[in-house]
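Engineer: need a structure here:
(chains A, B, C and D)
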There are 2 protein chains.
Amino acid sequence: MARMVGIKDVARQAGVSVGTVSNVINRPDLVSEQTRIRVQAAIDLLGFVRSESARQLRAGRSRIVAMLVLDMANPFFVQVARGAEREARAAGLGVMLCNSAQDPFEEAEYLSLFAEQRVRGVLVTPADPTGANLAAFRRREIPFVLVDRSAPVGECCSVSVDDVAGGYLAADHLLDKGHVGLTYVSGPMHLAQCRDRRTGALAALKDRSLPEDALTHIEVPRLDVDAGRDAGARLLALSRRPTAVFCANDLLALGVLQALYAADVAVPDDVALVGYDDIEFAAAAAVPLTSVRQPAVQMGRTAASLLLEETGDDPDTHAHQRVVLQPELIARESTGHASRP
Amino acid sequence: MARMVGIKDVARQAGVSVGTVSNVINRPDLVSEQTRIRVQAAIDLLGFVRSESARQLRAGRSRIVAMLVLDMANPFFVQVARGAEREARAAGLGVMLCNSAQDPFEEAEYLSLFAEQRVRGVLVTPADPTGANLAAFRRREIPFVLVDRSAPVGECCSVSVDDVAGGYLAADHLLDKGHVGLTYVSGPMHLAQCRDRRTGALAALKDRSLPEDALTHIEVPRLDVDAGRDAGARLLALSRRPTAVFCANDLLALGVLQALYAADVAVPDDVALVGYDDIEFAAAAAVPLTSVRQPAVQMGRTAASLLLEETGDDPDTHAHQRVVLQPELIARESTGHASRP
DNA sequence: GCGCTTGCATGAATCGTTTCAGTGACGCAA
DNA sequence: TTGCGTCACTGAAACGATTCATGCAAGCGC
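Structural biologist: The predicted structure follows:
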C-alpha cells in the first residue's frame, strides 16, 4: 500500500504551508479565495483524505459515539439504535454499534475498547446486573447515557419507558375485554423490566378489586422466541388454562402464539394475547398481535441528544436528566373484538 | 474532565522511561520482571488507558474493521454481522457496524467516514447499483470484501450464497408437492438476488418440462413486510389464484402470509408458501414457514476471515477469492405435508 | 585484564494533524 | 514619514504513543 498522502503533500503541491491547508479545510473564511481554490485543487488531485486519528490525537477525543445494546436480534433494539444513529449523524458524529448479547464479559471488553478509542460518549443498555462494569467505566470519566434503564440517582443521564404504566395498559386492556384473570409470561425477574411490568399489571387488577392471585406467572430464562414456545407449552399444561396472557416481550408472545396455534387453541377466541415492544413482526404475525408500543426510535434519539448535550462545547451547563417516556397500547386481533361478560 | 493520564505519567510514577513503559505493554519479554511489575503497578494506580488514536497514528492504520449492511431491520443481516463480529473480535479487532438502509448517499457518507478513520478494512453489501461508491473507495486502497454479492472478477474478495441454487431448491420443493405452477414474489429486479432466484426457479420448471409461463411474477419495490402485504393483496386479486408462492425473502413471505390469513385463505391447504433466508421469525410464524436457509453466520465469518487475511502481516500472499456458499431448504408447515396429484 | 556478547533501559525521532504566535505587506490617518 | 490595524499566510510546537539506535553494566572465555 503506497504511503498515504498527507497534508504536507498537499501543501507542497499547492505551494503553501501546512497551516494554510488546514485552514482551508477547517476555517475556509480565514483564507483568500484564490488560495482556497488552489489548495482545493491540490486536495482533489492527490486524493487527500485527512487522518481522523491525527486530528483526534490533537483534539483529545474522537468524533464517534458508541452504542452498546443487549440484543441485536431483537428488532426493538435495532429501532432504538436507528433513532440514536440518526441524531448523532445529524450532529456530524459517527456511531459505533455493538452487541453485548447480554454477556457482562463482552460488555466489559467493549467498554474498554471504547475507553481506548476515547469515544465521545457511550449509549448503553447495561448487561451486567451488578453494575460493576459501569462503575469501572465511570472512573474513566467518559460520559454515558443509560438507555432503556433508569438511572439510580442523578449520577448520569437515562432514558427509559415507564414499564409500570405499560404493564398496567396491557392488563387493563385484557380486563376491559372481560377477562377476570391473566397469566404473565416474563423473563428473569432480576430484570427491572420484567418486575415493573408485573407491578403495573397487579395495579390494574387492584383497580378492579381483583385479588392478586388472579395473576399467575410463568418465568422463562430468556426473552426470545424459543423461550416463548416453552412458555406456551407450560401454559397449555396448566390445569386451568388461562383465557388471557400478557408477555413481557413480543418475542415471547410470538413463541406463545405459535405454541397455541400448534395445539389448535384459537387466538383470541380461546386465549387473548398481549405482547410488548410492538416490533414490526408483531403486526405481521398471522394473528396480528396486540402489543404495548414503546417509543423506541424516540428513545434512541433522546438518548443521543442528551449525550450530545453532555459532551457539547460548554459541558458545565449540563445537568443529568432522567427521561421517562410513556408507552402506548396498540390493540390488534390477538385480543379480539367483542368483550365477553 | 481532568487531563488524561498518558504514558509519560506512568513513566514518571514508575521511575522509568516512556520507552520502557511502552515495552511493558507491547513486548513484555524485553523487560525484566521487576521493572515490569513496578510499571504495571503504576499503570493500575493511575488508571492508565492507552490512546488508540496515538498508536494508530504511528501504526498508520486502525484496529477497527467496518461493516456496512443494507438493512439492519432484516434479521438476516444481523446474523451475518454476528458472524463477522465474532471472527474479527477473535483476532483482536473492533467492529464498527453501520446501516446504509439501501441508500447510496448514506453509503457514500459512511465510506468516507471509514476512509478518514483509516479502518483496517470494510465488509460491505453495496447499496449503490452503479458501483460508483465502491469505485471511488477502491482508489483509497482500503481493502474491502463484498458480502452477499459476488465480485465481478478478481478485483476483490466476495462471499455470497448461490442464489440460483436457492431458487431451484424452493421451486423444486413446491413442484415436488404436486404444484404445476407458481408465483414468484420479488423485490426490484435490478437486484442480482432477485434475478438469480428467479433463474433458479425457472431451471426447476424446465427440469420438469414445465413451460416458462408456469411461473408468474409479482414485483414489489422493497423487501419488507409491508411490501409483502401488498404483494399478498395482488395475489388475491389475480383471476387465477396460484396454489404455490415463492417469496424472494422471508419478510415478504410473512407479509404475504398475513394477507392470505386475513382473507381466510388457508396455508398450506389453499396456497403453499416458501420464503428465503430462514430468519428466526420464519419458524415462529403461526404457520411455520418453509424457507431457504442461507448460512448467514458463516457468510459473516468467512468474509471477516478473508478480510483479515488480506490485511494481515504479509499481504502479498493474498489472492482475491470468490467464495460461494450453498443454501439449504428447510421444509415446514407452510408447504404442507401430503403431496397432491 | 581484554574483548565480546547479552540483557535492559534510555531518549529522541516519528506519525499527521491543529493551533497559535509571528511575519510581511498593504492601506490609512496623523 | 511614522504608527497602527488588518489581512493572508507561515512555521513550529503540541498531542501520545511506538520504535530504534545507543548506552551501560554484567557475565564469560581466554
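
Engineer: surely A:Glu212 meets A:Leu202?
Structural biologist: Yes. Using C-beta atoms under 8 Å, A:Glu212 is in contact with A:Leu202, at 6.2 Å. Using the backbone N, CA and C atoms, a C-beta is placed for each residue, glycine as well.

Engineer: quick one: which of those two has more around it?
Structural biologist: Of the pair A:Glu212 and A:Leu202, A:Leu202 is the one with more neighbours under other C-beta atoms under 10 Å in any protein chain shown, namely 19 against 8.

Engineer: From the chain's centre, how far out is the stretch of helix or strand that one belongs to? Work that out for me.
Structural biologist: Following DSSP states H and E, one finds A:Leu202 within helix A:192-207. Between the centre of helix A:192-207 and the centre of its host chain there is 22 Å, according to C-alpha atoms, centre = their mean, to the nearest Å.

Engineer: so which residue of chain A comes closest to chain B?
Structural biologist: A:Ala286 (3.3 Å; C-beta to the nearest C-beta).

Engineer: My guess is that residue contacts B:Gln258. True?
Structural biologist: Yes. A:Ala286 is in contact with B:Gln258 according to C-beta under 8 Å; the separation is 6.2 Å.

Engineer: List the contacts of the residue nearest to A:Pro268 when sequence neighbours are not counted.
Structural biologist: Nearest residue to A:Pro268 in three dimensions, chain neighbours excluded: A:Gly336, at 3.4 Å (C-beta to C-beta, 6 or more residues apart in numbering or on different chains). Going by C-beta atoms under 8 Å, 6 or more residues apart in numbering or on different chains, A:Gly336 touches A:Lys177, A:Pro268, A:Asp269, A:Ala272.

Engineer: give me the beta-bridge partners of the last one?
Structural biologist: The one in question is A:Ala272. Here A:Ala272 sits in beta bridges with A:Ala244, going by DSSP bridges.

Engineer: So which residues of the stretch 101-250 of chain A form strands?
Structural biologist: Along the stretch 101-250 of chain A, the stretches classed as strands by DSSP state E, counting those that start in this stretch are A:121-124, A:144-147, A:157-161, A:182-186, A:215-219, A:244-247.

Engineer: now what about the fifth one, what contacts it?
Structural biologist: By C-beta under 8 Å, 6+ apart, the residues outside strand A:215-219 that reach it are A:171, A:181-189, A:198, A:201-202, A:205, A:231, A:234-235, A:238, A:242.

Engineer: now chain A, which segments are flagged as low pLDDT?
Structural biologist: Within chain A, the segments meeting pLDDT under 70 span A:1-2, A:313-316, A:337-341.

Engineer: Now it against DNA strand C: closest residue?
Structural biologist: A:Ile7 (2.9 Å; C-beta to the nearest atom of the strand).

Engineer: From A:Gln79, how far off is that residue?
Structural biologist: 40 Å (C-beta to C-beta, to the nearest Å).

Engineer: Repeat that for A:Glu309.
Structural biologist: A:Glu309 sits 22 Å away from A:Gln79, going by C-beta to C-beta.

Engineer: picking that back up, for A:Ile7 and A:Gln79, work out which one has more neighbours and name it.
Structural biologist: Under the neighbour definition other C-beta under 10 Å, A:Ile7 and A:Gln79 were set side by side, and A:Gln79 has more, 23 against 20.

Engineer: for that one, what are its contacts?
Structural biologist: A:Ile279, A:Ala296, A:Val297, A:Gly300, B:Ala73.

Engineer: How about A:Thr290?
Structural biologist: By C-beta under 8 Å, 6+ apart, the contact list for A:Thr290 reads A:His173, A:Ala272, A:Leu273, A:Val274, A:Gly275, A:Leu329, A:Ile330, A:Ala331, A:Arg332, A:Glu333, A:Ser334, A:Thr335.

Engineer: Quick check: bridge partners of it?
Structural biologist: A:Val274.

Engineer: swap in A:Thr183?
Structural biologist: With DSSP bridges as the criterion, A:Thr183 is bridged to A:Thr216, A:Val245.

Engineer: Excluding chain neighbours, what is closest to A:Leu46?
Structural biologist: Take A:Leu46 and drop its neighbours on the chain: the residue closest to it by C-beta to C-beta, 6+ apart is A:Val5, 4.7 Å away.

Engineer: ok, now how distant is the one you found from A:Gly166?
Structural biologist: 55 Å.

Engineer: So between those two, which is more surrounded?
Structural biologist: Taking neighbours as other C-beta under 10 Å, A:Val5 and A:Gly166 compare with A:Gly166 leading, 26 against 16.

Engineer: didn't that one look like it was pressed against A:Arg198?
Structural biologist: No. Between A:Gly166 and A:Arg198 there is no contact under C-beta under 8 Å: 10.8 Å.

Engineer: thinking again about what came up before, let me know the secondary structure of the residue nearest to A:Leu46.
Structural biologist: Judged by DSSP: H, G, I helix; E, B strand; the rest coil, the three-state class of A:Val5 is coil.

Engineer: May I see the contacts of A:Gln79 organised as CSV, with distance to A:Asp29, neighbour count and secondary structure added?
Structural biologist: Shown next, in CSV, are the contacts of A:Gln79 (distance: C-beta to C-beta, whole Å; neighbours: other C-beta atoms under 10 Å in any protein chain shown; DSSP: H, G, I helix; E, B strand; the rest coil):
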residue, distance to A:Asp29, neighbour count, secondary structure
A:Ile279, 48, 27, coil
A:Ala296, 41, 24, helix
A:Val297, 37, 16, helix
A:Gly300, 35, 28, helix
B:Ala73, 42, 18, coil
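
Engineer: Contact partners for A:Ser291?
Structural biologist: Counting by C-beta under 8 Å, 6+ apart, A:Ser291 makes contact with A:Asp250, A:Ala253, A:Val274, A:Gly275, A:Tyr276, A:Asp277, A:Asp278, A:Ile279, A:Ala282, A:Leu329, A:Ile330, A:Arg332.

Engineer: do that again at 6 Å, thanks
Structural biologist: A:Asp250, A:Gly275, A:Asp278, A:Ala282, A:Ile330 (C-beta atoms under 6 Å, 6 or more residues apart in numbering or on different chains).

Engineer: measure it to A:Asp264 for me?
Structural biologist: From A:Ser291 to A:Asp264 the distance is 24 Å (C-beta to C-beta).

Engineer: cool, A:Arg229 as well?
Structural biologist: From A:Arg229 to A:Asp264 the distance is 16 Å (C-beta to C-beta).

Engineer: So between the two, which is more surrounded?
Structural biologist: Set side by side, A:Arg229 and A:Asp264 show more neighbours around A:Arg229, with 21 against 7, by other C-beta under 10 Å.

Engineer: Secondary structure element holding the closest residue to the more buried one other than its chain neighbours?
Structural biologist: Of all residues not flanking A:Arg229 in the chain, A:Gly255 sits nearest, at 4.2 Å (C-beta to C-beta, 6+ apart). Using DSSP H and E, A:Gly255 sits within helix A:250-262.

Engineer: Kind regards, and thank you for your time.
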